[in-house]
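Engineer: give me a 3D structure for the following:
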Amino acid sequence: MVARAFAVKSFFSNGRSLVATQRAFCAPFEIPSHRLVPGRNSILSWVNSFRECGSVAKPRNGLQRTIRTPENIARVRQSVVRSPRRLARKHAAAMDISDTTVLRIIHEDLQFLPYNLLLCKN
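Structural biologist: Numbers count the residues shown, from 1 in each chain. Okay, the predicted model is just below:
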């Protein structure tokens, strides 16, 4: 992280020269001459990341969990309370949410227990 920040700072202070940035990189990190320094594409990607995000940190990859929002949790709660005997798959199809997500909301967020209600005649 420090090396990336130094490279971006050096890039702008050296008049946006990649070669000068690579040469300046050797001294503070004690890299002998003719050894590997960050490449042209790496420095440019760090600079672009800094321009776009204001940070040289690695971007986080992966899926963002946006389906389990408070609105969807409330929708699932209303649906389950309205029809408690209905299967979770049927709730999911009606709300256009995946059945795995509906099951996760029912179990983790609403803390409902999955069981079937049976009517008994006395």
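
Engineer: spit out the contact partners of residue 67.
Structural biologist: 97-98, 101 (C-beta atoms under 8 Å, 6 or more residues apart in numbering). (Each C-beta comes from the backbone N, C-alpha and C, glycine too.)

Engineer: what helix or strand is it located in?
Structural biologist: Assigned by DSSP states H and E, residue 67 belongs to neither a helix nor a strand.

Engineer: elements contacting the host helix or strand of residue 71?
Structural biologist: Applying DSSP H and E as the criterion places residue 71 in helix 70-82. Helix 70-82 is packed against helix 88-95, with contacts defined by 3 or more C-beta pairs under 8 Å, 6 or more residues apart in numbering; DSSP states H and E.

Engineer: ranges for the helices of this structure?
Structural biologist: 2-13, 18-26, 40-53, 70-82, 88-95, 99-104 (DSSP state H).

Engineer: nearest to residue 33, out of the ones you listed?
Structural biologist: Closest to residue 33 of the helices of the chain is helix 18-26 (C-beta to C-beta; 6.6 Å).

Engineer: report the angle between that closest one and helix 2-13.
Structural biologist: Orientation check (axes from the mean of the first three to the mean of the last three C-alpha atoms, to 10 degrees): helix 18-26 against helix 2-13 gives 140 degrees.

Engineer: for helix 18-26, name the packing helices and strands.
Structural biologist: helix 2-13, helix 40-53.

Engineer: burial-wise, tell me which of those comes out on top.
Structural biologist: helix 2-13 (a mean of 16; mean count of other C-beta atoms under 10 Å).

Engineer: tell me the domain ranges of the chain?
Structural biologist: For the chain, automatic domain parsing gives the domain ranges 2-53, 70-109.

Engineer: what about residue 92, neighbour count?
Structural biologist: Applying other C-beta atoms under 10 Å, we find 20 residues neighbouring residue 92.
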